[in-house]
Each structure stands twice: as C-alpha cells, then as structure tokens.
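Enquirer: From the sequence below, what's the structure:
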Amino acid sequence: MIDGVIALYIFMLAAFTGYEVISRVPVILHTPLMSGSNFVHGIVLVGAMVALAAADSTLLRVIGVIGVFLAAGNAVGGYVVTERMLKMFVTAGRKKG
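Expert: Residues are numbered from 1 along each chain as shown. Model prediction:
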C-alpha cells in the first residue's frame, strides 16, 4: 500500500511542477519548447512499453496498453505541431518551388 501512496504523491508532485513551469513560459516559446522536448515523449513511450512488458495481470496490461497509446499519441502530436510550426517559417519563394 505504501508504494501506491508514494507513486501517487510523485505523480501529483510532477503534475503540479509541470503545470507551474509551463504556465510561466511566454506564449511565443510554447511551440519551440514542445518541439525541443519531443525526445521526452519518445522516452515516455519506451517506458510505457517496458511497463507493459512487465505487467503480470489483466488490469496492469490494460493500463499498460492505455499508457502506450497515450504516449504514442503524445509523441505523434508533438511532431505534427513541430511540422506545422516549421511550415510557418518557409519564405514565399520556397513555398512556390
């Protein structure tokens, strides 16, 4: 039981810290910050797959599959936003060619 309470505490602390850090980033830096942190999404995906591989009950497997899908969606979304951001900086001459 104590392991679950500690894990919940760490999760809540990480969520609060992440919210506080991101809320203080200027609006103009949000997209470059997201594109620069795409590697973190990949690490989260690998961690979710490792956790899924170590699952030994049906409930843990279901949670693992959900985690893998959410992490994959997060990684793909980060790259999609990065691609859209980079298209904004293409000059008019390069768009036509």
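Enquirer: helices or strands up against the top helix by length along the chain?
Expert: Longest helix in the chain, counting residues (DSSP state H): helix 58-88. Helix 58-88 sits against helix 30-36, helix 38-53, with contacts defined as 3 or more CB pairs under 8 Å, 6 or more residues apart in numbering; DSSP states H and E. (Glycine included, C-beta is placed from N, CA and C.)
Enquirer: In terms of secondary structure, what does the last one contact?
Expert: Applying 3+ CB pairs under 8 Å, 6+ apart, we find helix 38-53 packed against helix 58-88.
Enquirer: which regions of the chain sit below the pLDDT cut-off?
Expert: 1-2, 30-31, 34-36, 92-97 (pLDDT under 70).
Enquirer: Tell me which residue lies nearest the centroid of it.
Expert: With distances taken as CA atoms, centre = their mean, residue 41 lies nearest the centre of the chain, 4.0 Å away.
Enquirer: and that residue, what does it touch?
Expert: Counting by CB atoms under 8 Å, 6 or more residues apart in numbering, residue 41 touches 71, 74, 75, 78.
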